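# quick one: sequence and predicted model below, then my questions.
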Amino acid sequence: MNRETNIDPILALDKQIAERVEDIIQLRRTRNSLLNIACVPPEILGYIFYLSVVPAIPWDGDDRFAGIQKGSYNFLLVCHHCFEVACHTPELWSSWGNRLKEWKRRYLRSGTSPLDLVLDGGEYQAETLDKTLQDALIDRVAHDAIRKVHLRSRDADLITSILSSLTPEEEGIRSSSIESIFLDGIDVFNFFTRRRFPKLRGLSLCECANLPWDHLGAHTRALVDLSLCDDAVSSTSTLITLAPTTSIPTTSQILSLLASNPDIRTLTLQLLVSDDDSRYDPSYRAPLPHLESFSLTGSIHHIFPILQRLEFPNTVDYARLILHDSTLDVVRQVVGPYIRDYLQRDARFGDDLAIFISPGVSPVSIYATVRGVGNFRSDEVPDYKLPCAIFTMRLPQHTSRQEVDKLCIDILAFLPQERVVYLETGLPTGVMEELLITMPNIEVLRLVGAVMFDWFLLPNPDGPNAHKKLLPSLRWLHLEDVETEDNDWDPLVSYLTYQTSGDHPVSLSVFGEGLHICWEVTEQIRDLVDVFHYYPDPDKGCPFDYCSG
């Protein structure tokens, strides 16, 4: 046998095979072009592909860390046409995913598309940013092609290395494309002092060390959503001293930051604030003409100087204040006048006001809420999705229930009570009667922990409402965790009979732990009300909205 092989015939055959492969590929593409999918315009097909990779919201519901769904790029394997359309659809490559291992798989395909750099590390894992990814990030910075910087991980070293790649030493780094930044629990001084963000719309910094307060206002002037927080302040009843590396802003620095960003629509500040070294001008104002909602948490002595210098528009529909270090006298002198001066305006929170107050939850907390509400439908249970202003104040531990009740009444006295249409209260029955007399326009009443005496909501011959009808405008009555004597619901039936005797329709909802209304009583109630929602105690074997007794 001749051990020498003549290579020429083999090469000739390989050439024929290659030619036929090309022919087969071309024939397949021609065939695929006759399919219905080929008739779909590329821009529409690309949008369909984009919908298939719309980021999935993480388990904690924070869509800022939404990543690409697993296995959602299978359309690349359908045919050459789909592959070409996908490769020319930039929206498909705007994210590398939200895990480091996903970054390593996808960064090469993104080209020059604007990048949403999102990392949600979840559980701590000792991962490192290898040189190829570092070079890719540096290249993105050089091309000014980063749109989001949303980074969260228990590995602070990993986040620090990513930020270092985004702030290289050489000159010429650009950040004009960055629209939103979310960083959590890391040192951010270099990142903000060395860069400007002319298009930055959203900024959220939680427990970040060394915040350059004097630079933030100068480097961010287009913010719409601003959130600066320290979880320790919002989650505990006493302020916790922050780590030495964490900067604590002064009142002037906070006001300067807000004044530099007048387009803010949503604002969250949950921070320790320190006194200024020098007195700032008390007439200084920070106008926020587009503000829609805000939440401020901190010491009452530092939050109110900020609050009183903010100029609000008439478009605010949500305000929340969580105040620490307060006393009964401070609350009366500061919070009450604030409600009077800032929340009585008709345009601020709707044409009508509503109040939520629940002093019985804790002996050291009170909650006073003002809600702007529209017209309630008689066939719908009013929900909590209403414009509102919420005040939460931590009172001294020794504050008695009687002192809290009196404080609640004092604060509510600042409100134009004739405009109150929604009242939610946990006040004692005697106090509640005095309150209801002054609010004749209430349409919705929610009683939490109410006690049903014989004169429940009826004219009480021995009380302040002896000769006055309570709640002439009532349309909805909610009873939550009501207290009855020996499961006696006759006071409720008597009230409903009295309330509807003047041909005034009313709807009722009853719910709470341990509730049980027998079948005969539920039938009586149904005959007296327009709508009846009853949520019995499942431990008593009562099905939803029905009880056989």
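Looks like it came in fine. Just so it is clear, the structure is predicted and the values come from calculations on it, not from any experiment. Numbering: from 1, shown residues only.
# what about the helices in the stretch 251-400 of the chain?
Assigned by DSSP state H, counting those that start in this stretch, the helices in the stretch 251-400 of the chain fall at 251-259, 300-307, 328-330, 336-342.
# just name the most buried of those.
With neighbours defined as mean count of other Cβ atoms under 10 Å, the helices of the stretch 251-400 of the chain peak in mean count at helix 251-259, which reaches a mean of 21. For every residue, glycine as well, the C-beta is placed using N, CA and C.
# what is the mean pLDDT for that helix?
For helix 251-259, mean pLDDT rounds to 88.
# now do it against helix 300-307, angle only.
If you take axes from the mean of the first three to the mean of the last three Cα atoms, to 10 degrees, helix 251-259 sits at 30 degrees to helix 300-307.
# mind saving the C-alpha coords of helix 251-259 as CSV?
What follows is helix 251-259, C-alpha atoms only, in CSV (Å, rounded to 0.1, in the frame of the first residue of the first chain):
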residue,chain,number,x,y,z
THR,A,251,-28.6,71.9,57.2
SER,A,252,-27.0,74.4,54.8
GLN,A,253,-25.4,71.6,52.7
ILE,A,254,-28.8,69.8,52.3
LEU,A,255,-30.5,73.0,51.3
SER,A,256,-27.8,73.9,48.9
LEU,A,257,-28.1,70.5,47.2
LEU,A,258,-31.9,70.9,46.9
ALA,A,259,-31.6,74.5,45.6
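# right, so of the helices of the stretch 251-400 of the chain, which gets closest to Ile10?
helix 251-259 (74.6 Å; Cβ to Cβ).
# give the other helices and strands that the closest one contacts.
Packing partners of helix 251-259 (3 or more Cβ pairs under 8 Å, 6 or more residues apart in numbering; DSSP states H and E): helix 213-219, strand 286-287, helix 300-307.
# next one: that helix to chain centre, how far?
Its chain's average C-alpha position is 23 Å from that of helix 251-259, according to Cα atoms, centre = their mean, to the nearest Å.
# how far away is Ser94 from Gln69?
Taking Cβ to Cβ, to the nearest Å as the measure, Ser94 and Gln69 are separated by 14 Å.
# between the two, which one's more packed in?
Higher neighbour count among Ser94 and Gln69: Ser94, with 20 against 13, using other Cβ atoms under 10 Å.
# next one: phi and psi at that one?
When read as degrees, to the nearest 10, the backbone of Ser94 gives phi -80, psi -10.
# one more: Asn441?
Backbone torsions for Asn441, taken as degrees, to the nearest 10, come to phi -100, psi 20.
# just the one 3 residues further on next, same as before
Dihedral angles phi and psi of Val444 (degrees, to the nearest 10) take the values phi -130, psi 130.
# what's the pLDDT at it?
On the pLDDT scale, Val444 gets 84.
# hmm, back to that, save the helices and strands packed on helix 251-259 as a markdown table, and put in mean pLDDT and distance to Gln134 too.
Shown next, in a markdown table, are the helices and strands packed on helix 251-259 (pLDDT from 0 to 100; distance: least, Cβ to Cβ, whole Å):
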| stretch | mean pLDDT | distance to Gln134 |
| --- | --- | --- |
| helix 213-219 | 83 | 24 |
| strand 286-287 | 86 | 40 |
| helix 300-307 | 80 | 40 |
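# got TSV for these, with distance to Asp8 too?
Below are the helices and strands packed on helix 251-259 laid out as TSV (distance: least, Cβ to Cβ, whole Å):
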stretch	distance to Asp8
helix 213-219	70
strand 286-287	85
helix 300-307	87
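# now do stretch 90-106: distance from first to last residue.
With Cα to Cα, to the nearest Å as the measure, the first residue of stretch 90-106 is 13 Å from its last.
# list the buried residues of it.
Buried positions in stretch 90-106, judged by neighbour count with 16 or more other Cβ atoms under 10 Å: Leu92, Trp93, Ser94, Ser95, Trp96, Gly97, Asn98, Arg99, Leu100, Glu102, Trp103, Lys104.
# okay, now the residue lying closest to the last one once chain neighbours are set aside: neighbour count?
Which is Lys104. Leaving out its chain neighbours, the residue that sits closest to Lys104 by Cβ to Cβ, 6 or more residues apart in numbering is Leu133, at 6.6 Å. Using other Cβ under 10 Å, Leu133 has 18 other residues around it.
# in which helix or strand does Leu133 reside?
Element membership for Leu133 (DSSP states H and E) is helix 131-142.
# Tyr495 too?
Tyr495 belongs to helix 490-500 when assigned by DSSP H and E.
# distance between that helix and the chain's centre?
Taking Cα atoms, centre = their mean, the mean C-alpha location of helix 490-500 is offset from the chain mean by 40 Å.
# what's the first helix or strand after it?
strand 507-511.
# packing partners for that next one?
strand 476-480, strand 532-535.
# apply 10 Å and report the result again.
In terms of contacts (3 or more Cβ pairs under 10 Å, 6 or more residues apart in numbering; DSSP states H and E), strand 507-511 is packed against strand 476-480, helix 490-500, helix 519-528, strand 532-535.
# the ones you listed: which one's closest to Phe49?
The stretch from the helices and strands packed on strand 507-511 with the least distance to Phe49 (Cβ to Cβ) is strand 532-535; that distance is 45.2 Å.
# for the residue nearest the centre of the chain, give me its contacts.
Nearest residue to the geometric centre of the chain (Cα atoms, centre = their mean): Asp62, 8.9 Å. Contacts for Asp62 (Cβ atoms under 10 Å, 6 or more residues apart in numbering) come out as Asp120, His150, Arg152, Phe182.
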